[in-house]
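Just a sequence and a predicted model for now, questions to come.
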Amino acid sequence: VNLSATFQNHTFANPLMNASGVHCYTTTQLDELLASSAGTLVTKSATMAYRQGNPKPRYRSLALGSINSMGLPNEGLPYYLDYVLAKQTQADVPTLFLSVAGISMQEDLDMLAQVDQSDFNGFTELNLSCPNVPGKPQVAYDFEATEKMLDSAFKLFHKPLGVKLPPYFDLAQFDIVAKILNQYPLAYINTINSVGNGLYIDVDSETVAIKPKGGFGGLGGAYVLPTALANVHAFRQRLNDSIAIIGTGGVQTGADVFAHILAGADLVQVGTQLAKDGPDVFARLTQELSDVMAQKDYHNLSDFKNNLKEL
Ligand SMILES: O=C(O)c1[nH]c(=O)[nH]c(=O)c1Cl
């Protein structure tokens, strides 16, 4: 069984990587991802400067997934840009992903300009879907703002660019958003981000689970797998073939990775399960994916990618 994944003319040993925001805040964590069986990595979404983020507890692992309202804590763009620039010169390091999430459109543009002027040779991910900055609605739920953002971004950014999208829940919205995205030379979309503003309640203590926003936070894990698969498949059916898809959301097993690829994903990210199990999760998931493929007599990802059958 061959797990190698091609993605916009780059090849990875396998289709698995972390989701931004999980195990990717520090160079120590990022190095642990590189040392793991993951095919590549993405850095925590950066703002221009260091950001403390929301008060703790701001992440909780739950039986069926996770809830978070981190509030974009990060070391600042220079920290992550330095990391990927240093790593990309080393042999045996795969093409890397750098995530940016400005608090404003201007901050996004300033960061994209800085990356564009650098020697970074990997993929830049513009996060349009952070649900946890109080007072800042998700850009990607505002279709006009999304169009304006992408217009401005592609005027100044000349390297491969992807966007991180929130989940959509309405077929008409898939049509509208895909129509907007197809206007741009995007390298990829990454779908989904956490399902925004869920509320976990602990009945014994009669309290919420996290401190920020009265307990409201983005959901991940098993809770969101069907939503993630729907968004991957809906966009695969609507986007130009030139736009690749990273599938994110709800991956716990190799079968879940298989399902994301069957739905049309070219790469697959792991968040909540990585937070629970640590980087060893990638050794398990690659083995399980390989086992599922072998049982079905598939030898390459292309044997079943985007091959979901209807009834
Ligand atoms: O609160 C966060 O930092 C956060 N949390 C998420 O679940 N998705 C995001 O894109 C971000 Cl930026």
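Received it, and whenever you're ready, just let me know what you need.

which parts of the stretch 1-150 of the chain sit against the ligand?
Within the stretch 1-150 of the chain, the positions near the ligand by C-beta under 6 Å from any ligand atom are 21, 45, 68-72, 101, 127, 129-132. (Glycine included, C-beta is placed from N, CA and C.)

at 8 Å instead, please
Counting by C-beta under 8 Å from any ligand atom, the stretch 1-150 of the chain comes close to the ligand at 20-21, 44-45, 53-54, 58, 68-74, 101, 127, 129-133.

what's the answer for the stretch 151-300 of the chain, then?
164, 193-194, 196, 217-218, 220, 271.

try 5 Å
Contacts of the stretch 151-300 of the chain with the ligand, taken as C-beta under 5 Å from any ligand atom, map to 193-194, 218.

which of those residues has the most neighbours?
When neighbours are taken as other C-beta atoms under 10 Å, the top entry among these is Ser194 (31 neighbours).

What residues does that one make contact with?
68, 131, 166, 217-220, 224, 271 (C-beta atoms under 8 Å, 6 or more residues apart in numbering).

Which residue, neighbours along the chain excluded, lies closest to it?
Gly218 (2.7 Å; C-beta to C-beta, 6 or more residues apart in numbering).

quick one, helices of this protein?
27-35, 77-87, 105-116, 143-156, 171-181, 225-238, 254-263, 272-277, 281-295 (DSSP state H).

coming back round to it: was I right about the residue nearest to Ser194 contacting Gln138?
No: contact criterion C-beta atoms under 8 Å: Gly218 and Gln138 do not qualify, at 10.1 Å.

shared neighbours, these two?
In contact with both Gly218 and Gln138: 131, 196, using C-beta under 8 Å, 6+ apart.

Tally up the residues packed near Leu186, please.
So Leu186, with other C-beta under 10 Å, has 21 neighbours.

if I look at it, how far off is the ligand?
18 Å (C-beta to the nearest ligand atom, to the nearest Å).

Grab the nearest non-local neighbour of that residue.
Counting by C-beta to C-beta, 6+ apart, the residue nearest Leu186 is Ile243, at 4.9 Å.

Where does the prediction get shaky in the stretch 101-250 of the chain?
For the stretch 101-250 of the chain, no stretch is flagged by pLDDT under 70.

got the phi/psi numbers for Asn306?
phi 60, psi 30 (degrees, to the nearest 10).

and it, what does it touch?
236, 261-264.

Looking at those, state which has the most neighbours.
Ile261 (26 neighbours).

so that one touches Gly247, yeah?
Yes: between Ile261 and Gly247 there is a contact under C-beta under 8 Å: 7.4 Å.

Now do the shared contacts for these two.
Joint contacts of Ile261 and Gly247 (C-beta under 8 Å, 6+ apart) are Val268.

what's across from the residue nearest to Ser194 in the sheet?
Per DSSP bridges, the residues bridged to Gly218 are Asn68.

Give me the nearest residue to Asp175, chain neighbours excluded.
Arg238 (6.8 Å).

For burial, what's the neighbour tally of the nearest residue to Thr27 once chain neighbours are set aside?
Nearest-residue entry for Thr27: Tyr83, 5.6 Å, with adjacent residues in sequence omitted and distances by C-beta to C-beta, 6+ apart. Per other C-beta under 10 Å, the neighbour tally for Tyr83 reads 20.
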